[in-house]
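**Student:** generate a structure from the sequence data that follows.
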Amino acid sequence: MFKRIWKDPVGSKIIAWSIIGLIGIISVKLTSLAKGITFQQALNDIYEFKVRIVYVALILLVSFILFRVFKKKRSYYSKAQNKLRKFNRSLDPETGILYKWKVYFKSNGDPFIADLEFYCTKHDDIPIRFIRNNCPMNGCENSRVRLDEFGTKNHIESIVINEWEQING
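**Tutor:** The predicted structure is shown next:
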């Protein structure tokens, strides 16, 4: 029953304020016992306690700065989705073709790929992007190969879905 009330937005606020009030009453009672004064006098001491506006402004400024520095950035994607989004490339060592893509998710949570690009890695250290689905460098064996973009995209998307199922167990 407590969990049900705690999940209720109004009930959780009532419980939280009750706990804060109880802590306040206990602290006033302990103060009155420690100083040997009545509860009413200890309560009046708290009410009459004066704080300079400079200290309040300083505390608010420091709180604001700490909040901005340590604020947790929330991601649009879950941890599992971010993990799958990092799976965005594959190198075929046989042909030397590097495949790069971006992973997105449908409204039902199923992954799909977009922005599929092909690169030839047979030229020094820099991969060269394919033009019209083949390597633009004359004489390269990948310049004679025309990739089927739709078939390749379907194959890679199948691999991505398999990877997604392994992540989600």
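
**Student:** report pLDDT for the closest residue to Glu149 other than its chain neighbours.
**Tutor:** Excluding its sequence neighbours, the residue lying closest to Glu149 (Cβ to Cβ, 6 or more residues apart in numbering) is Asn133, at 5.8 Å. Any C-beta I mention is one placed from the backbone N, CA and C, and that applies to glycine too. In this prediction, Asn133 carries a pLDDT score of 84.

**Student:** could we number from 327 for the rest of this?
**Tutor:** Okay, residue one is now 327; in that scheme the one you just asked about reads as Asn459.

**Student:** pLDDT-wise, which helix or strand of the protein ranks last?
**Tutor:** For the chain, counting by mean pLDDT, DSSP states H and E, helix 328-333 ranks last in confidence among helices and strands (a mean of 71).

**Student:** moving C-terminal from that helix, which element do we reach first?
**Tutor:** helix 335-361 (DSSP states H and E).

**Student:** how far does that next one sit from its chain's centre?
**Tutor:** 35 Å (Cα atoms, centre = their mean, to the nearest Å).

**Student:** pLDDT averaged over that helix - what is it?
**Tutor:** For helix 335-361, mean pLDDT is 88.

**Student:** in it, what counts as buried?
**Tutor:** By 16 or more other Cβ atoms under 10 Å, the buried positions in helix 335-361 come out as 354, 357-358.

**Student:** for this structure, what spans make up the helices?
**Tutor:** 328-333, 335-361, 365-374, 379-396, 405-411, 475-494 (DSSP state H).

**Student:** quick one: closest of these to His449.
**Tutor:** The closest approach between His449 and any of these, judged by Cβ to Cβ, belongs to helix 475-494 at 20.5 Å.

**Student:** what sits against Ala368?
**Tutor:** Contacts for Ala368 were tallied using Cβ atoms under 8 Å, 6 or more residues apart in numbering; they are 354-355, 357-358, 361.

**Student:** 6 Å instead?
**Tutor:** Ala368 makes contact with 354, 357-358 under the criterion Cβ atoms under 6 Å, 6 or more residues apart in numbering.

**Student:** next one: it relative to Glu483, how far apart?
**Tutor:** Noted for Ala368: a distance of 70 Å to Glu483, by Cβ to Cβ, to the nearest Å.

**Student:** what of Arg394?
**Tutor:** According to Cβ to Cβ, Arg394 stands 40 Å off from Glu483.

**Student:** in space, what's closest to the residue most central in space within the chain - neighbours in sequence excluded?
**Tutor:** Nearest to the geometric centre of the chain sits Ser401, at 3.0 Å (Cα atoms, centre = their mean). Excluding the flanking residues, the one nearest Ser401 by Cβ to Cβ, 6+ apart is Asn408, at 6.2 Å.

**Student:** sweet, I'm off.
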